[in-house]
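Student: based on what follows, work out the 3D shape:
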Amino acid sequence: MNKTRFFVEFGAGMAAYVIMLIGSLLLVAGGTVTGAWATVVSLLPTLPALGVAIAVMRQIRASDELQRRIQLEALSLAFAGTALITFSYGFLENVGYPKLSMFYVWPLMAVLWIIGGILSSRRFR
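Tutor: So this is what the prediction gives:
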């Protein structure tokens with residue numbers, strides 16, 4: 001898969017995600033949908049997010065061995081770092097720290113993935 005196709009798929013997926021997220025938030029917060037439909041509408045943004053995940057997986061599959069290794073190392077750091085940080089904070093919640101939303105987990109993992117990618121790619125210069 002070439003980079004242009006990846007960026008088009010990724011960009012379109014992210015744009016659809018943002019549009020569906022804003023729409024679902026407005027519909028639910030405005031009381032337009034309630035009950036079981038509110039649950040369905042709240043989950044609608046996950047559909048384009050799935051498309052983004054598929055685009056990323058396809059790009060990794062199409063990468064050469066070095067890029068795959070870099071991504072594996074980056075994701076390994078992101079996975080382990082997210083686990084350590086979230087578990088540690090969970091223990092801190094037991095002693096009075098404020099509860100955090102699950103919405104913080106993915107951005108944390110994304111930041112650690114970027115850091116892992118930078119560190120790993122530097123190793124292979």
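Student: next up, phi/psi of the residue positioned nearest the centre of the chain, please.
Tutor: The geometric centre of the chain, computed from its C-alpha atoms, lies nearest to Trp106 (CA atoms, centre = their mean), at 4.9 Å. Per-residue torsions, Trp106: phi -70, psi -50 (degrees, to the nearest 10).
Student: now do the one 5 residues further on
Tutor: The main-chain torsion angles of Val111 are listed as degrees, to the nearest 10 and equal phi -60, psi -40.
Student: please report the distance of it from Glu73.
Tutor: When distance is defined by CB to CB, to the nearest Å, Val111 is 16 Å away from Glu73. Using the backbone N, CA and C atoms, a C-beta is placed for each residue, glycine as well.
Student: do Gly35 as well
Tutor: Distance of Gly35 to Glu73, computed by CB to CB: 46 Å.
Student: which one's more surrounded, these two?
Tutor: Using other CB atoms under 10 Å as the criterion, Gly35 and Glu73 rank with Glu73 on top: 17 against 7.
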